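S.K.: Sequence unavailable; structure follows:
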Ligand SMILES: NC(=O)c1ccc[n+]([C@@H]2O[C@H](COP(=O)([O-])OP(=O)(O)OC[C@H]3O[C@@H](n4cnc5c(N)ncnc54)[C@H](OP(=O)(O)O)[C@@H]3O)[C@@H](O)[C@H]2O)c1
């Protein structure tokens with residue numbers, strides 16, 4: 001680690017994910033918040049005045065007086081790295097301009113996730129996919145710039161649990177997942193209160209195809225030439241995504257079938273999940289949780305209100321592991337959607353990239 005922290009810019013700093021970035025980066029020893037960007041609506045205002053702060057922790061003192069700027073690379077010249085919590089409607093063009101201006105970009109937006117040369121990384125799942133960054137730089141003639149994305153927040157917890165099981169027991173052939181997703185997953189102000197109070201909305205636009213495609217890429221491998229990814233395209237995935245009246249934390253009920261004719265027992269699955277350690281933990285990254293998967297044995301866990309802050313929101317929680325009468329095994333899994341499902345994942349991806357020498361000071 002360098003003596004001086006790397007200077008970080010945040011795109012979309014005023015939004016739900018942007019606020020999480022600020023909250024988490026304010027105590028991170030590897031990065032120091034340097035520049036905040038948002039839309040023209042916010043530009044020119046002090047961060048304190050531009051932002052409708054929604055987190056329980058107080059807004060860090062050192063960002064209150066920073067002037068928010070528009071998301072133009074020229075304003076970010078002091079930054080070594082850029083984190084993006086931009087709305088997907090505008091993220092594509094803006095992030096592209098930052099990559100071309102030679103910034104390493106760690107993004108939460110969907111726009112580049114499925115591109116061939118773009119790593120889609122959950123740091124508790126597949127940090128080894130960062131190996132393709134150098135190929136991306138070669139293809140686009142970049143020296144320092146690149147983009148790494150993290151996944152849709154609904155798939156995060158499921159991918160962590162399935163990666164642990166796939167490593168130990170081999171391929172998973174079928175996945176059926178039903179999500180119960182928090183309101184904050186839609187950003188702010190998100191779903192109108194009259195639509196979500198006393199209700200469940202059994203549709204989230206575009207979410208199910210993203211879940212299915214991203215899970216295959218996340219559980220896939222870097223190809224032999226290290227130029228892209230071999231997705232788990234033989235794995236059959238079916239997701240049903242629902243919005244529920246919970247503030248933070250996406251819960252999913254998951255049933256899986258293993259490719260093997262001799263699937264593991266419930267006890268073997270529990271032991272495997274409990275013992276799972278990801279590369280980002282082994283590397284000793286600051287934001288990596290001590291426990292990747294916290295397995296609860298009580299019959300009524302995990303629950304969003306009780307378990308979402310496990311490992312400071314960086315762990316996922318699994319419970320109700322049991323036999324499935326249709327497939328092999330079923331369980332519930334919970335992940336904090338704005339921490340390990342968004343800003344926390346981006347920051348930990350950047351910490352891994354820093355240890356790999358992909359991100360460095362100017
Ligand atoms: N919420 C989650 O749990 C979650 C999880 C994973 C991924 N994501 C993804 O992360 C991204 C951000 O989501 P969010 O929930 O934080 O959304 P959000 O609360 O709506 O925040 C959007 C941010 O984008 C900025 N923005 C909007 N239009 C802009 C423009 N034309 N130029 C520059 N900045 C602009 C906004 O700035 P102003 O305040 O100035 O309008 C705000 O800072 C999205 O791509 C989303 O899909 C979200």
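M.R.: It's in. Because the structure is predicted, anything quoted here is derived from the model rather than measured.

S.K.: Tell me, how many residues neighbour the residue in the chain that the ligand sits nearest to?
M.R.: At 2.0 Å from the ligand, residue 15 is the closest residue in the chain, using CB to the nearest ligand atom. All C-beta atoms are positioned from the backbone trio N, CA, C, and that covers glycine. Residues near residue 15, counting by other CB atoms under 10 Å, number 24.

S.K.: just residue 57 next, same as before
M.R.: By the criterion of other CB under 10 Å, residue 57 has 12 neighbours.

S.K.: Which strand or helix spans it?
M.R.: Under the criterion of DSSP states H and E, residue 57 resides outside all helices and strands.

S.K.: Could you tell me the phi and psi values at it?
M.R.: When read as degrees, to the nearest 10, the backbone of residue 57 gives phi -70, psi 150.

S.K.: Which residues of this structure lie near the ligand?
M.R.: Within the chain, the residues that sit near the ligand (CB under 6 Å from any ligand atom) are 12-18, 38-39, 41-42, 71, 85-88, 90-91, 108-110, 153, 184-185, 187-188, 337-338, 341-342.

S.K.: which helices and strands sit right next to the host helix or strand of residue 254?
M.R.: Secondary-structure assignment from DSSP H and E places residue 254 in strand 250-258. Here strand 250-258 touches helix 153-169, strand 172-181, strand 329-335, going by 3 or more CB pairs under 8 Å, 6 or more residues apart in numbering; DSSP states H and E.

S.K.: gap between the second one and the chain center?
M.R.: Its chain's C-alpha centre and that of strand 172-181 lie 17 Å apart, by CA atoms, centre = their mean, to the nearest Å.

S.K.: Assign residue 90 to helix, strand or coil.
M.R.: helix (DSSP: H, G, I helix; E, B strand; the rest coil).

S.K.: and it, how many neighbours does it have?
M.R.: 15.

S.K.: Could you measure from it over to residue 45?
M.R.: 19 Å (CB to CB, to the nearest Å).

S.K.: Give the buried residues for stretch 85-104.
M.R.: Residues of stretch 85-104 classed as buried by neighbour count (16 or more other CB atoms under 10 Å): 85, 86, 91, 94, 95, 98, 99, 101, 103, 104.

S.K.: can you give me the strands in the chain?
M.R.: For the chain, strands defined by DSSP state E occupy the ranges 6-11, 31-38, 69-70, 81-84, 104-107, 146-149, 172-181, 221-222, 229-230, 236-243, 250-258, 293-296, 316-323, 329-335.
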